[in-house]
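> This is a predicted model, with the sequence first.
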Amino acid sequence: LHHSVAAEGKMKPILRKNVTELSQHELYTYMARREPIIITNAISPTLLNEWDYTSFVDKCGESSATHGVQNHLLAIIDNLSDTERAIMDARMVQMFDTTVKQFRDILVQGMTVKELAEHMDSFRHVKNNWEHLSDYALPLTLHDWQTYQCPTLKGSLEQHPLPFLIQYGLDWNRRFTSKKQDKALLAEFLARTGMAFHAPEATRAYPMHRHEQINENFMMVLSGAKRFVIFNKTEGHKLSPSPMRVKTEFDSDMYDKGDRLFGADALTPNYQRFPLLKEADGFEGTVKEGEVVFIPCDSIHAIQNMEDVFAVAWHMGTQQCVGEELARLTKSEQQQQTSSTADSQQHHLKTEL
């Protein structure tokens, strides 16, 4: 599980910065350069004390839950050829003692958070090697917009906001102007973009992929640890891109491209099967409890849960790279400030003369 790609490939560690040492300009610079960063000590201690893998089930157990990639798994299954279905059937029986039909039935049935957590626990014994798309099928893990709306969770997040969200003005490209507005805009930001993640140790929900219909996101780990590998989209040709584009829960009239999947597995690399993977420039790092990771615009990434995890993520949800726009705005504001200072100094000099 803890194999490092950096030993053979061209991976670099994701930069780690304490929230007290990371300036707004520096964060915007990393966002604009499309480089990931792990922000430490960015989460309220109250939130960390209130929420973990178990308490999420206790507090939100009756909330409706959907598997995060439910829709596109159904689409894949329903479009399998007879040959492909037979291959997937054999693989799933071998791995999970479950047929494709039985798995489909699981996907379409409604579950509460508590029921989904019990389902996850029933597959803890499975040792996965991630060689086939079906290997990602079970156990189902939760990443869900709807569950994020659990009143207890939503209320807790609004009552104890993340310091870095307000500190860095990450509010849909608007600037906070007052404490009253801070709270209103933060609530709107969380409500429109939040997604809850709940997954047991040693699981992955999805192969390496690129969200072509959304942009940057920040993920906060409230308990556990998640390992990330992240590549710029320019490295995609080295990662065995699949022609498959999978529709997801993010899709809409605005975003209709779907997710692009990649065959190479950078978390447990097979350089004989995917030799170009060794040449791919990327980043890797483990995000631990109490930390936030920035996942850059248009990045290709894969994630593995190293421990039982409860996390919350926010997708910026715009049609442009927010980091680049924030960097541009910041530069413009600095230029205006410099110009204003120069005018003031010139006026002061004239007054003296």
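Now that the structure is in, tell me what you want to look at.
> ok, residue 100 - how many residues close by?
Other residues within reach of residue 100, judged by other C-beta atoms under 10 Å, total 21. Placement of C-beta: from N, CA and C, glycine included.
> Local confidence estimate at it?
Residue 100 carries a pLDDT value of 91.
> correct me, but it touches residue 85?
Yes: under the criterion of C-beta atoms under 8 Å, residue 100 makes contact with residue 85 at 5.9 Å.
> what sits in contact with each of the two?
Residues touching both residue 100 and residue 85 (C-beta atoms under 8 Å, 6 or more residues apart in numbering): residue 77.
> Is it correct that residue 207 falls within a helix?
No: judged by DSSP: H, G, I helix; E, B strand; the rest coil, residue 207 forms no part of a helix; its state is coil.
> That one reaches residue 265, doesn't it?
Yes: between residue 207 and residue 265 there is a contact at 7.2 Å, judged by C-beta under 8 Å.
> overlap in contacts of the two?
Shared contacts of residue 207 and residue 265 (C-beta under 8 Å, 6+ apart): 130, 302.
> looking at the chain, which helix or strand is least sure?
helix 179-193 (a mean of 55; mean pLDDT, DSSP states H and E).
> After that helix, which helix or strand is next?
The helix or strand immediately downstream of helix 179-193 is strand 194-199, counting by DSSP states H and E.
> my guess is residue 57 is in a strand, correct?
No: read with three-state DSSP, residue 57 is helix and lies in no strand.
> State the pLDDT value of it.
Note on residue 57: pLDDT of 96.
> And it, how far from residue 119?
Applying C-beta to C-beta, to the nearest Å, the value for residue 57 to residue 119 is 12 Å.
> Counting neighbours, go ahead and name the busier of these two.
residue 57 (22 against 18).
> residues contacting the more buried one?
Residue 57 sits next to 113, 114, 117, 198 when contact means C-beta under 8 Å, 6+ apart.
> Let me know the closest of those residues to residue 96.
Within the contacts of residue 57, the smallest distance to residue 96 is 17.7 Å, found for residue 117 (C-beta to C-beta).
> sec struct for that closest one, please.
Strictly by three-state DSSP, residue 117 counts as helix.
> what's the span of stretch 279-298, first residue to last?
The first and final residues of stretch 279-298 sit 20 Å from each other (C-alpha to C-alpha, to the nearest Å).
> Just checking the distance from it to the centre of its chain.
Computed by C-alpha atoms, centre = their mean, to the nearest Å, the chain-centroid distance of stretch 279-298 equals 9 Å.
> Which positions within it qualify as buried?
Buried positions in stretch 279-298, judged by neighbour count with 16 or more other C-beta atoms under 10 Å: 280, 282-298.
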